[in-house]
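A.B. asks: A structural model of the following input is requested.
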Amino acid sequence: MINKTILTTAIFMSLLSTDLLSGAITAKDLTDVNGNWHLRVLDGHNVQKARAILDFHSKQMIINGFDGCNRISGVLKTHGSTVFNSQLKSSRMGCRQNIHRYTSKRLKAAIKEGFTITRNTRYGIEGITIRSKHHDLFFKKMGGTGSVMDYLK
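C.D. replies: A predicted model of the protein is given here:
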């Protein structure tokens, strides 16, 4: 009976991981996420008020934006076909509220430790999920074609 349960669980997990990876954005498809993305949910917490934004530039393999406290930028590196990471550079402004500190710290950690990107619908909203070893971030596409810096003026 235990072996049957383990086998069923293994098959289910295999199918689930195959489904998740099939929607993963690859380095070749990174143009699909070009533009500005507003962080809505971080590790299950609504962080919209932090106003964190990521801006992807696939041709240059650059990521920049705002982490809730500071402007950030970095060069995207690929590991395999679906894993990305970056050492982010950041301005050094102080965070005013707990939500900004929470968002800033975890967003930077997720980008640094390596992440996958998948297109999906969560909370009834179309967007992308950035998933690292320790963090799960859901972003909604922002309107317009400008850079994130245009929104911070």
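A.B. asks: Show me where the chain dips below the pLDDT cut-off.
C.D. replies: Counting by pLDDT under 70, the chain contains low-confidence ranges at 1-22, 144-153.
A.B. asks: count of neighbours near Ser91?
C.D. replies: When neighbours are counted by other C-beta atoms under 10 Å, Ser91 registers 11. For every residue, glycine as well, the C-beta is placed using N, CA and C.
A.B. asks: What backbone torsions are found at it?
C.D. replies: Phi and psi for Ser91, reported as degrees, to the nearest 10, are phi -70, psi 170.
A.B. asks: Of all residues in the chain, which one is nearest the centre?
C.D. replies: Ile130 (2.9 Å; C-alpha atoms, centre = their mean).
A.B. asks: For the helix or strand that residue falls within, buried residues please.
C.D. replies: Assigned by DSSP states H and E, Ile130 belongs to strand 125-132. Across strand 125-132, burial judged by 16 or more other C-beta atoms under 10 Å covers Gly127, Ile128, Thr129, Ile130, Arg131, Ser132.
A.B. asks: ranges for the helices of this structure?
C.D. replies: 2-22, 98-113, 148-151 (DSSP state H).
A.B. asks: follow-up on the earlier one: which among the buried residues of strand 125-132 gets closest to Ile72?
C.D. replies: Nearest to Ile72 out of the buried residues of strand 125-132 is Ile130 (C-beta to C-beta; 13.7 Å).
A.B. asks: residue contacts, the closest one?
C.D. replies: Residues near Ile130 by C-beta atoms under 8 Å, 6 or more residues apart in numbering: Leu54, Ala110, Ile111, Phe115, Thr116, Ile117, Asp136, Leu137, Phe139.
A.B. asks: Mind doing that once more with 10 Å?
C.D. replies: Going by C-beta atoms under 10 Å, 6 or more residues apart in numbering, Ile130 touches 25, 33, 37, 39, 42, 54, 84, 107, 110-111, 115-118, 136-139.
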